[in-house]
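Peer 1: return atomic coordinates for the entry below.
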Amino acid sequence: MDHRLQLLTRWVSQFPGFANTVVAPVAGDASFRRYFRVWRSADWREARGVARAHGAQVNQAFIVMDAPPEHEDCLPFVTLAQHWRSQGVKVPAIVQQDLAQGLLLIEDFGDCLLLGQLNTANTDKLYGNALAELLRIQQLPNNPDDPLAPYSNDLLDREMALFRDWLLQRQLGLELNDSDLAMLSNTFTLLRESASAQPTVPVHRDYHSRNLLVTGGDDRPGVIDFQDAVMGPVTYDLVSLLKDCYVQWPDERVQNWMESYRQSSLSAGLHSADAATFRQWFELMGMQRHLKAAGIFARLALRDGKPDYLNDIPRTLGYLSSASGRQPALRPFHDWLLNTVVPAVEVTLGPVPGAHQP
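Peer 2: Below is the predicted model:
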């Protein structure tokens, strides 16, 4: 019996217009959170003030977020949603909340994830919209009452360690000797130092095609899954979007988008980097993120029973291979990746894009 589903059904039914609502599951994310769609029925008029405040209409859909308190904390989501929305970022409105039970009733942005809407005719437009929203996020003032935590060296290191602990050792069963561990440590240090050298801005930390929704009404994407935001490197969210773990674009296209964003973020006063410096930041930041992502995908499969994420590991390794191959200082890592990790991944998970190109 799904006790959490019963709990959230009782909880949402207490609000005007939701007494007899249908509760329908919505695709989840890579966390313990679950999402359900509910509809406000025609008796919403009984709460005219609430309806006006939230733009409610007959049969309007909303989302219930189910975040078990023993696994998830809703407070960062609520705090950030309220602050970012007040500053003009298109995040969902919080309609009702019960933090103790881990339940939120929020605005519904629909099901049109950016990933599923891309085609040859609209990609530049949709990515342009996503980049414009990112620039808006990066210019946000910090909330004086609840400032974002820094993207600390310790956090960067813990994230990269996921690659070693979950992908290499647990998923692939690789035995790492002292030389391997020293090489990984040197690689992590170089990536951490590059990230720490960048100007800091608000960082969503998961800004990609599955966390942006194409919504009606305007061109701006709806932004979700932002509760882990920090103050961190200016290229982090950019590389998360342009070197997306779920979709890959030709390098020339990525570089054009990156340079366009460099110029717009330069004009906004977010950094003073020239093209070569910004690209180097971007490339090394991407490696840090893809080390983390590859480890998380393995952990999701092994610990959380979500094996479909294993399908995204080869693409993520492909990004690592391409980026490390352009870095002379990371030649030991690049060679080891191609000679040791890529073969192990390809035996079990499928071909790694670009790994065998000269």
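
Peer 1: where does the chain dip in pLDDT?
Peer 2: Within the chain, the ranges that satisfy pLDDT under 70 run 1, 28-31, 42-59, 358.

Peer 1: go with 50
Peer 2: Within the chain, the stretches with pLDDT under 50 are 44-58.

Peer 1: can you give me the strands for it?
Peer 2: 24-26, 34-39, 61-66, 94-98, 103-107, 200-203, 212-213, 222-223, 230-233 (DSSP state E).

Peer 1: buried deepest among those strands, which one?
Peer 2: Most buried of the strands of the chain, by mean neighbour count (mean count of other C-beta atoms under 10 Å): strand 212-213, with a mean of 26. Where C-beta positions appear, they are placed from N, C-alpha and C, glycine not excepted.

Peer 1: quick one: the helices in the protein?
Peer 2: 3-13, 48-54, 75-86, 114-117, 123-138, 153-162, 178-197, 236-242, 251-267, 275-302, 313-325, 331-336, 342-348 (DSSP state H).

Peer 1: which one of these lies nearest to Ala229?
Peer 2: helix 75-86 (5.8 Å; C-beta to C-beta).

Peer 1: and Ser194, what does it touch?
Peer 2: Residues counted as contacts of Ser194 (C-beta atoms under 8 Å, 6 or more residues apart in numbering) are Gln280, Trp281, Leu284, Met285.

Peer 1: so what's the first one up against?
Peer 2: By that I understand Gln280. By C-beta under 8 Å, 6+ apart, the neighbours of Gln280 are Ser194.

Peer 1: thinking again about what came up before, and among the helices of the chain, the most buried is which?
Peer 2: helix 236-242 (a mean of 25).

Peer 1: which elements pack onto that one?
Peer 2: Applying 3 or more C-beta pairs under 8 Å, 6 or more residues apart in numbering; DSSP states H and E, one finds that helix 236-242 contacts helix 123-138, helix 251-267, helix 275-302.

Peer 1: between those, which gets nearest to Gly318?
Peer 2: Closest to Gly318 of the helices and strands packed on helix 236-242, according to C-beta to C-beta: helix 275-302, at 9.0 Å.

Peer 1: off-centre distance for the closest one?
Peer 2: Mean-position distance between helix 275-302 and its chain equals 12 Å (C-alpha atoms, centre = their mean, to the nearest Å).

Peer 1: switch the strands of the chain over to a markdown table; also include distance to Val342.
Peer 2: Formatted as a markdown table, the strands of the chain follow (distance: least, C-beta to C-beta, whole Å):
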| stretch | distance to Val342 |
| --- | --- |
| strand 24-26 | 36 |
| strand 34-39 | 35 |
| strand 61-66 | 38 |
| strand 94-98 | 44 |
| strand 103-107 | 41 |
| strand 200-203 | 29 |
| strand 212-213 | 30 |
| strand 222-223 | 34 |
| strand 230-233 | 27 |
